[in-house]
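S.K.: mind looking at a prediction? Sequence and model below.
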Amino acid sequence: MSTISHLNTEAARLDPESVFADPAALVSEPGLTRGQKLAALKRWRENVMARLAAGSEGMPTHGKATEDAGALEKIDEAMKALESETETDI
């Protein structure tokens, strides 16, 4: 039995943090292609890097710097996992 996905793919691609609890949830989402997942992870990574850079420039991080550093590791792991998959694995 197949499941119909109610995923807002545009939001998932443009603001993945607002849609997914963590990068692993994004990777396991059946409603996105491998390319869409990689693009969303890249955008997520860019957002985290921007926040970390802002924090290093003295802007308030509201206690999220450690959380962002952990998220960055998870994003990188997820991207490596997707990049190492072949089309037959998907």
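M.R.: Okay, I see it. Because the structure is a prediction, the values reported are computed rather than measured.
S.K.: pLDDT below threshold where in this structure?
M.R.: Low-confidence segments of the chain, defined by pLDDT under 70: 1-5, 60-63, 86-90.
S.K.: the helices in it, which residues?
M.R.: Using DSSP state H, the helices found in the chain span residues 9-14, 16-19, 23-27, 34-56, 65-84.
S.K.: for the first one, buried residues please.
M.R.: Neighbour-count burial for helix 9-14, counted by 16 or more other Cβ atoms under 10 Å, picks out 12-13. Yep, even glycine has a C-beta here, placed from its N, CA and C like the rest.
S.K.: now swap in the second one and tell me
M.R.: Buried residues in helix 16-19, counting neighbours by 16+ other Cβ under 10 Å, are found at 16, 19.
S.K.: rewinding a little: comparing the helices of the chain, which comes out most buried?
M.R.: Across these, the average number of neighbours (mean count of other Cβ atoms under 10 Å) peaks for helix 23-27, which reaches a mean of 20.
S.K.: who touches that helix?
M.R.: Contact partners of helix 23-27, identified using Cβ atoms under 8 Å, 6 or more residues apart in numbering, comprise 12, 16, 19-20, 32, 37, 40-41, 44, 71, 74-75, 77-78, 81-82.
S.K.: quick one: which of these is nearest to Leu52?
M.R.: Taking Cβ to Cβ as the measure, Leu52 lies nearest Ala71 of the contacts of helix 23-27, at 9.8 Å.
S.K.: ok, and the closest non-adjacent residue to that closest one?
M.R.: Val48 (5.4 Å; Cβ to Cβ, 6 or more residues apart in numbering).
S.K.: fine, thanks again, bye for now.
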